[in-house]
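# Need a 3D model of the sequence below.
(one chain, ligands or ions: 1)
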Amino acid sequence: MNPGELRARLRALPKVELHRHLEGALRLDSLWEFHQSAQASLHASREALEAAVVIPAGEPPGFRTFLARFAALRFRYGTIADLERVGREAVADAASDGIVAYELRFAPLFWAWRARDMPPMDSLADLPLPPFEAVEAATEALMRGAFAEAARRGVLVSCTVALNRQVPAAANALQTKLLERPLGAKLTAVDVCGDEACPLEGVAEFLEAWRRAGRGVTLHAGEDPGGPGAANVREALERFGAVRIGHGVRAAEDPAVVRLLKDRGATLEICPTSNVQTGAAASFEAHPLKALHEAGVRVTVNSDDPTISAVDLTEEYARAHERCGVPLVALREMAIQAARASFFPEAERAELTKRIAAAWDAFLLEP
Ligand SMILES: [Zn+2]
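Predicted structure coming up:
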């Protein structure tokens with residue numbers, strides 16, 4: 001099968017996206033429009049915005065340079081109501097990528113900040129806190145847009161709130177308070193992102209609150225090539241009861257952690273392109289995706305930040321096969337695992353699993 005044909009067929013397959021940050025999935029045209037209407041001065045032109053946001057092919061890998069791309073996204077996007085458009089476009093783009101179930105992952109705090117005239121954010125550690133009402137209103141607007149588009153396109157959407165290791169505890173408290181509000185019922189999972197070198201002390205009690213409230217728990221761990229690696233994956237599993245791990249690529253360095261992942265039945269949300277760009281994997285060819293799968297760890301393929309990485313989920317599946325060496329029969333298992341491990345309600349999950357399996361079976365039987 002030639003590369004073009006493979007991509008066309010993979011695009012047509014129904015897919016589940018478990019790990020895609022809303023912040024990293026915005027349309028460049030919309031971003032530029034927001035930038036202009038807010039009269040922001042961060043970027044001199046659309047080309048400059050694109051150069052600051054999108055990682056060019058051949059850029060040397062780096063975890064911190066990858067995270068720094070998010071700084072280029074920190075400007076005012078408009079009013080709270082404009083965030084409805086952000087939610088709508090994210091789901092529309094996912095649908096064009098063949099995604100039929102999409103866990104929308106976002107940090108309400110940053111969205112409230114983007115929709116208000118807040119002071120500039122020099123570092124996450126002294127993040128200016130928006131009022132809780134603004135956090136709730138931003139979340140509500142994003143969800144309104146996302147769910148309306150989801151209904152139009154027949155896409156399943158759920159919401160995952162991203163806590164952050166680098167922000168003050170009060171900021172994570174503000175996001176956790178959403179659980180008490182009516183919209184909190186639709187926030188089905190919690191995630192932790194940010195610099196892995198930062199300890200989890202500002203996050204731990206809030207993570208526990210989400211877990212106690214019955215929400216799915218996933219943590220970014222074992223991603224940063226300069227961070228604690230497999231030890232963070234162990235911490236996520238043993239200390240926080242994570243059932244899924246964001247990336248977890250570096251677990252491959254420690255056979256005991258690989259065994260632990262397998263024994264717990266935890267699922268890794270692997271994002272091949274992002275992993276190569278951050279240096280979590282030395283190359284696509286050296287990526288442990290295939291080896292982890294063969295070791296019996298539950299793995300899935302995801303896109304992380306499509307705009308920053310200039311990929312989509314279809315392309316990630318194609319690269320997993322062509323460059324990471326994952327046979328199509330194994331890719332089928334990963335696609336099905338994404339449905340099984342998703343945070344949708346059990347009945348939807350079962351239906352989704354059947355649908356993905358049937359579509360892949362038909363694909364693999366095609367000449
Ligand atoms: Zn991520």
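
# Run through the helices of the stretch 101-250 of the chain in chain order.
Ranges of helices in the stretch 101-250 of the chain, per DSSP state H, counting those that start in this stretch, are 108-114, 132-153, 169-176, 204-212, 230-238.

# residues making contact with the first one?
Helix 108-114 is contacted from outside by 22-23, 74-77, 83, 86, 121, 127-130, 134-139, 142, 161, 164, 167, 171, 174-175, 178, using C-beta atoms under 8 Å, 6 or more residues apart in numbering. In this view, the C-beta of every residue, glycine as well, is placed from N, C-alpha and C.

# Restricting to C-alpha, output it in CSV.
Taking C-alpha atoms only, helix 108-114 is exported to CSV below (Å, rounded to 0.1, in the frame of the first residue of the first chain):
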residue,chain,number,x,y,z
PRO,A,108,-10.1,25.9,32.2
LEU,A,109,-7.8,28.3,34.0
PHE,A,110,-5.8,29.2,30.9
TRP,A,111,-8.9,29.6,28.9
ALA,A,112,-10.4,32.0,31.4
TRP,A,113,-7.1,33.9,31.3
ARG,A,114,-7.2,34.1,27.5
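
# Tell me if the worst-scoring helix or strand of the chain on mean pLDDT is near the ion.
Least confident helix or strand, the chain: helix 63-68 with a mean of 88, by mean pLDDT, DSSP states H and E. No - legend: contact between helix 63-68 and the ion by C-beta under 5 Å from the ion is lacking; minimum distance shown is 10.0 Å.

# now stretch 2-19
No - on the criterion C-beta under 5 Å from the ion, stretch 2-19 is out of touch with the ion, staying 5.7 Å away.

# Against the ion, how distant is Tyr244?
Not quite, residue 244 is Arg, not Tyr. Per C-beta to the ion, to the nearest Å, Arg244 is found 12 Å from the ion.

# Quick check: closest non-adjacent residue to that residue.
Closest residue in space to Arg244, ignoring its immediate chain neighbours: Thr218 at 3.9 Å, by C-beta to C-beta, 6 or more residues apart in numbering.

# Tell me what the one you found is bridged to.
Beta-bridge pairing for Thr218 (DSSP bridges): Asp191, Arg244.

# Quick one, grab the pLDDT at whichever residue of the stretch 101-250 of the chain sits closest to the ion.
Using C-beta to the ion, the single residue of the stretch 101-250 of the chain nearest to the ion is Gly246, 5.0 Å away. The confidence metric pLDDT takes the value 98 at Gly246.

# Report the contact partners of it.
Counting by C-beta under 8 Å, 6+ apart, Gly246 touches His19, Asp191, Cys193, Thr218, Leu219, His220, Ala221, Glu223, Glu269.

# Any regions of this protein where pLDDT drops low?
Under the criterion pLDDT under 70, the flagged ranges of the chain are 120-122.

# Spell out which residues of it are next to the ion.
Within the chain, the positions lying close to the ion (C-beta under 5 Å from the ion) are Gly246, Asp304.

# before we move on, the earlier item: in terms of secondary structure, what does the least confident helix or strand of the chain contact?
Applying 3 or more C-beta pairs under 8 Å, 6 or more residues apart in numbering; DSSP states H and E, one finds that helix 63-68 makes contact with helix 272-278.

# Would you state the strands of the stretch 251-367 of the chain in chain order?
Secondary structure of the stretch 251-367 of the chain (DSSP state E, counting those that start in this stretch): strands at 267-270, 298-301.

# just checking, what packs against the first one?
Think strand 267-270. strand 15-21, strand 244-247, helix 289-294, strand 298-301, helix 328-341.

# what sits up against it?
Contacts for strand 267-270 (C-beta under 8 Å, 6+ apart): 18-19, 218, 243-249, 251, 261, 287, 289, 292, 297-302, 337, 340-341.
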